[in-house]
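1. Here is a sequence with its predicted model. Questions after.
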Amino acid sequence: MVKPQSTTRQAPLPTRHGVSPSYIWIPEGHWESALQFLTQQFPDIPPKVWLMRMQKAEVCDGDGQVLSPDSQVKRGMCIYYYRELEDEIAIPFQETILYQDAHLLVVDKPHFLPVTPGGKYLRETLLVRLKCTTGIEHLTPLHRLDRETAGVMLFSTQVQSRGKYQTLFQGRQVNKTYHALAAHLSEQAFPIHKTSRMVESTQFFVMQEIDGEPNSETMISILERRGAHSVYLLQPSTGKKHQLRVHLASLGAPIINDQFYPVALPQGSDDFQKPLQLLAKSIAFIDPISGEQREFHSQLQL
């Protein structure tokens, strides 16, 4: 199992250029050496790349012992290394810090920028960019925001207080509002209390609605008309993946420039001139440390 470095585990390798080391646990099996294990686990990475990393002392075990190509490995060992990407796509949009204190960092995330590393994105992610600009090594996102969605994003800056803020999100004690631009629904009466049961589709990365007990809930109203379109105010009570996109699409008003709903386009279809018209506009909660009402608003507009 490969993971980015956990914020509670003390990594033997330091954060480098905002990128924390990744690690992999060795499962049941037999390998002659560390090099053999790594090349079998990561067939897309040539052996010469692992040799170069080992020569630079960038591969080690959980105790910080640098591994050589012929180092012995066994079940239960943890190997640390730096994930690297060649020819990473540059995201031509910049994040903005809205607020920072001893416990929180609040940021306006641009469209197209992933929050955390994964797949074909590493340094061009909000987390890595912020680690580089702020120098906060233990920065951790407190909630999710799709890569295609822009708007308010909260990060924890301290390990000690992180759990208090995470509990707010887990207990649905955070109020979020979103703005979305989509076709006007002239036949609908607003506001709409939209509920449905959402599950993973057989199609990669896409969600679908099925019959059954609802597990997603969104209040939908209209903020303004823009010709044949409306700016919708979306207030979700639950946080299913792609919930707002699915709910509007199922009503007959897919969000403008949505690459997944109602029909998923091929991967790599990004057009930086056509961002998804969905914005995480505000987030509000009672601060679990100060007891104060907190409310943060995106400076972006659709």
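-> Looks like it arrived, so ask away.

2. How about residues contacting the helix or strand hosting residue 249?
-> Using DSSP states H and E, residue 249 sits within helix 243-250. Helix 243-250 is contacted by residues 178, 180, 182, 194, 196, 198, 207-209, 216, 218, 220, 232, 234, 236, 240, 254-255, 258, 260-262, 276, 278 when judged by CB atoms under 8 Å, 6 or more residues apart in numbering. C-betas here are computed from N, CA, C, even on glycine.

3. buried ones in stretch 272-291?
-> Neighbour-count burial for stretch 272-291 flags 275, 276, 277, 278, 279, 280, 281, 282, 283, 285, 288 (criterion: 16 or more other CB atoms under 10 Å).

4. same question for that stretch, mean pLDDT?
-> For stretch 272-291, mean pLDDT rounds to 97.

5. Residue 122 against residue 116, yeah?
-> No. Counting by CB atoms under 8 Å, residue 122 stays clear of residue 116, with 9.8 Å between them.

6. distance of the residue nearest to residue 112 when sequence neighbours are not counted from residue 16?
-> Nearest residue to residue 112, sequence neighbours excluded (CB to CB, 6 or more residues apart in numbering): residue 91, at 5.3 Å. Going from residue 91 to residue 16 by CB to CB, to the nearest Å gives 20 Å.

7. Which one's more surrounded, those two?
-> A direct count of neighbours by other CB atoms under 10 Å for residue 91 and residue 16 places residue 91 higher, at 21 against 10.

8. Give me the pLDDT value at the more buried one.
-> The confidence metric pLDDT takes the value 95 at residue 91.

9. which residues are in contact with stretch 38-50?
-> Stretch 38-50 has contacts (CB under 8 Å, 6+ apart) with 2, 24, 31, 35, 59, 69, 79, 81.

10. Next up, the contacts around the nearest residue to the fourth one once chain neighbours are set aside.
-> So the one you mean is residue 35. Distances taken as CB to CB, 6+ apart put residue 69 closest to residue 35, at 4.0 Å, once the chain neighbours are dropped. By CB under 8 Å, 6+ apart, residue 69 lies in contact with 33, 34, 35, 50, 51, 54.
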